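Visitor: Quick one: sequence and predicted model below, then my questions.
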Amino acid sequence: MSLARLVGDFVRRNWRAYGSSAVMLFGVAACTVWVPRKVGEMIDGLASHRLAGSDLLLPLAELLALGLAIYVLRVGWRIRLYSASYKLGVELRTRLYARLAAQGPAFYQRQRTGDLMALGTNDIDAIEQAAGEAMLAGFDGTLTLVMVLAIMFLGVDWRLTLIALLPFPFMALAFWYISRHIHAAEVDSLQRFSKLNDHVQESLSGVRTLRALGLEQRSAAQFAELTQRAAQASLSAQKWEAAYEPAVGLTLTAASALTLGLGGYLVWNGQLTIGALTSFTMYLGQLIWPMFAAGWVLSLIERGRAGLARLQPLLDTPLSVVDEGTVEKVGHGALTFSNVSFSYGQDERRALDDVSLTLGPGQTLGLVGPTGAGKSTLLRVLLRQAEPQHGGASWGGHTLEQYRLAALRAAIAWVPQEPFLFSATVAENIALARPDATRADIEDAAKMAAIHDDILRFPQGYDTPVGERGITLSGGQRQRVAIARALLAHSALLLLDDALSAVDTGTETRILEHLDQLRRTRPELSAIIASHRLSAVIKADLIVVLKGGHIIERGTHDELLARDGWYASQWRYQQLEASLDAI
Ligand SMILES: Nc1ncnc2c1ncn2[C@@H]1O[C@H](COP(=O)(O)OP(=O)(O)OP(=O)(O)O)[C@@H](O)[C@H]1O
């Protein structure tokens with residue numbers, strides 16, 4: 001969509017605000033062009049001694065009233081228009097956020113976070129300004145230009161007007177030349193600021209790694225270089241704008257010189273009064289604003305166009321997962337993967353290759369296998385973060401696609417290996433999926449996840465802020481807070497994706513025992529535990545060994561030990577490692 005269509009559509013939907021602004025602006029322009037006329041009349045009155053003493057009071061009061069009216073109308077229409085145009089920014093940001101929230105991992109693999117942040121701020125600001133300030137200045141400037149020229153031509157002297165307009169074609173030429181460069185400079189400037197944003201975002205996220213590797217100075221030098229380039233790009237756009245402004249001054253000086261030349265001659269000949277010449281030069285001065293506005297509007301529009309050109313592809317990127325299901329609740333029943341194959345990119349090898357398995361309601365599945373085997377990918381298929389190219393999955397009598405996405409995801413409590421804690425208290429983080437949970441519910445979940453005692457030792461207990469602006473939790477503590485969060489969610493299926501990798505074996509055993517107890521009180525609760533540590537899955541009803549995206553072994557712990565394959569040798573290795581650790 002072009003900027004003109006986007007803004008046009010917005011103006012149509014907000015026609016009241018734009019319409020009333022236009023009416024007020026018309027009033028401003030009418031009052032503005034009246035002022036020089038009044039001044040001219042007063043000067044002629046004074047020169048001819050018609051106006052003297054108290055006779056001056058009325059025209060002076062009229063002049064002041066005009067000035068006051070211009071002021072009030074100007075403030076009014078600006079506020080009205082700004083309060084409409086900011087809505088476009090809100091609309092675009094909401095659309096962008098909804099789009100981003102609906103995208104899957106494949107999309108985020110291609111997009112850089114800093115760039116997305118720049119799009120949501122700088123680029124949308126630029127579009128909003130094109131619909132606000134640019135409209136404001138453009139409309140105001142055009143109306144003033146038309147009215148001033150009309151009154152100069154028809155109301156003062158047409159010969160003077162034609163002479164005064166002589167330098168303007170050169171001005172138009174300069175405007176056309178400069179406009180060609182501003183667009184490129186604005187695109188460049190937005191892109192460079194986006195790169196700068198990206199660098200800041202990534203450096204701050206990885207600040208500890210940079211510090212540990214002693215790379216702070218290198219990162220600071222990169223930052224300085226990117227800032228320099230961004231500033232240069234922005235300077236380049238400003239240089240083109242700056243080249244325009246003196247051209248306005250030059251044009252008006254030339255126009256004034258020509259006007260005074262011819263005007264002086266006409267006054268001397270008695271064909272023009274001195275008051276009319278004064279008001280004409282005042283009108284000429286009133287053309288400064290429309291001409292400056294033209295340059296300003298141009299740069300705002302070019303910036304808006306550049307912002308939209310960057311934003312549009314993002315809004316148009318098809319969703320990797322389509323939410324068209326209608327079933328509102330996941331029913332009780334088996335979970336089945338049938339011949340599921342998935343690869344992340346078209347040319348990439350399959351992360352899952354013809355995977356089929358069934359998990360009965362209330363059962364636990366153990367997913368094991370070497371690193372990169374496809375365990376997390378299988379869980380992503382279940383969460384519908386990844387859509388298989390072949391085969392599919394069903395649960396509780398429906399395919400996954402038949403469920404509304406939110407309903408499916410609400411039925412699953414997922415704990416990733418590196419869970420995210422929001423900038424909130426521990427209690428709020430645990431109660432994320434159930435904000436109405438009582439403190440007792442939260443503590444029960446924390447006890448089951450074996451994190452309760454740790455939390456009591458935090459400075460403010462459950463009210464201790466964590467996340468980016470709070471205390472730093474260890475990897476194992478973060479994982480256990482996330483497990484507590486998942487348990488409190490009361491979902492039908494618990495997905496632990498290597499979620500115990502950072503806790504010691506003793507704590508892991510305690511958590512697994514608590515889960516066993518929980519399943520005795522909630523027999524319908526199913527679980528999938530993906531783990532490198534086989535001790536986490538020995539009690540599972542079914543253990544599946546994935547390797548290179550294929551299922552290479554399946555069975556219970558005892559059955560797999562009896563087969564003497566990958567699982568059995570891995571088990572022996574891990575047992576040996578555990579006994580060496582114990583020595
Ligand atoms: N977003 C992604 N884009 C491209 N390839 C990916 C992506 N995520 C995973 N892969 C690749 O898919 C394959 C399976 O990865 P997956 O994360 O499912 O393995 P895993 O068994 O969970 O590994 P780990 O035990 O190390 O967590 C790997 O080769 C991995 O490099």
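Guide: Great, that's in hand. The structure presented is a predicted model; accordingly, all values stated were derived computationally and were not measured.

Visitor: Pull whatever helix or strand Ala137 lives in out as CSV, backbone CA atoms only.
Guide: Using DSSP states H and E, Ala137 maps to helix 133-150. The C-alpha trace of helix 133-150 is given here as CSV (Å, rounded to 0.1, in the frame of the first residue of the first chain):
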residue,chain,number,x,y,z
GLU,A,133,2.6,17.2,10.8
ALA,A,134,2.9,16.8,7.0
MET,A,135,-0.9,17.1,6.5
LEU,A,136,-1.0,20.0,8.9
ALA,A,137,1.8,21.9,7.3
GLY,A,138,0.8,20.9,3.7
PHE,A,139,-2.8,22.0,4.1
ASP,A,140,-2.0,25.1,6.0
GLY,A,141,0.8,26.1,3.5
THR,A,142,-1.4,25.4,0.4
LEU,A,143,-4.4,27.3,1.7
THR,A,144,-2.2,30.3,2.8
LEU,A,145,-0.4,30.3,-0.6
VAL,A,146,-3.7,30.2,-2.6
MET,A,147,-5.4,32.9,-0.5
VAL,A,148,-2.4,35.2,-0.3
LEU,A,149,-1.7,35.0,-4.1
ALA,A,150,-5.4,35.5,-4.9
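
Visitor: avg pLDDT for the helix or strand following it?
Guide: Using DSSP H and E, the helix or strand that follows helix 133-150 in sequence is helix 158-164. Across helix 158-164, the average pLDDT comes to 90.

Visitor: other SSEs contacting whichever helix or strand comes after helix 158-164?
Guide: Sequence order places helix 168-205 as the next helix or strand after helix 158-164, per DSSP H and E. Helix 168-205 makes packing contacts with helix 113-118, helix 216-268, helix 288-316 when contacts are defined by 3 or more CB pairs under 8 Å, 6 or more residues apart in numbering; DSSP states H and E. Heads up, the C-betas are built off the backbone N, CA and C, glycines and all.

Visitor: could you check the angle helix 288-316 makes with helix 168-205?
Guide: Helix 168-205 runs at 40 degrees relative to helix 288-316, counting by axes from the mean of the first three to the mean of the last three CA atoms, to 10 degrees.

Visitor: got the contact list for the helix or strand just after helix 168-205?
Guide: Sequence order places helix 207-212 as the next helix or strand after helix 168-205, per DSSP H and E. Outside helix 207-212, the residues within contact range by CB atoms under 8 Å, 6 or more residues apart in numbering are 203, 216, 219.

Visitor: what's around the closest residue in space to Ala407 that isn't next to it in sequence, how many residues?
Guide: What sits nearest to Ala407 in space, not counting adjacent residues and going by CB to CB, 6 or more residues apart in numbering, is Glu328, at 5.2 Å. By other CB atoms under 10 Å, the residues close to Glu328 number 10.

Visitor: quick one, phi/psi of Glu328?
Guide: Dihedral pair for Glu328: phi -90, psi -20, per degrees, to the nearest 10.

Visitor: same question, Arg533
Guide: phi -80, psi 120.

Visitor: any idea of the angle the helix holding Ala137 forms with helix 288-316?
Guide: Interaxial angle of helix 133-150 relative to helix 288-316 (the same axes, to 10 degrees): 150 degrees.

Visitor: helices and strands around helix 133-150, which ones?
Guide: helix 15-47, helix 57-102, helix 274-286, helix 288-316.

Visitor: For the ligand, find the nearest of those.
Guide: Nearest of these to the ligand, taken as CB to the nearest ligand atom: helix 57-102 at 16.2 Å.

Visitor: okay if I get the helices and strands packed on helix 168-205 as JSON lines plus distance to the ligand, mean pLDDT and mean neighbour count?
Guide: Formatted as JSON lines, the helices and strands packed on helix 168-205 follow (distance: least, CB to the nearest ligand atom, whole Å; pLDDT from 0 to 100; neighbours: other CB atoms under 10 Å):
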{"stretch": "helix 113-118", "distance to the ligand": "15", "mean pLDDT": "84", "mean neighbour count": "18"}
{"stretch": "helix 216-268", "distance to the ligand": "25", "mean pLDDT": "87", "mean neighbour count": "15"}
{"stretch": "helix 288-316", "distance to the ligand": "19", "mean pLDDT": "86", "mean neighbour count": "20"}
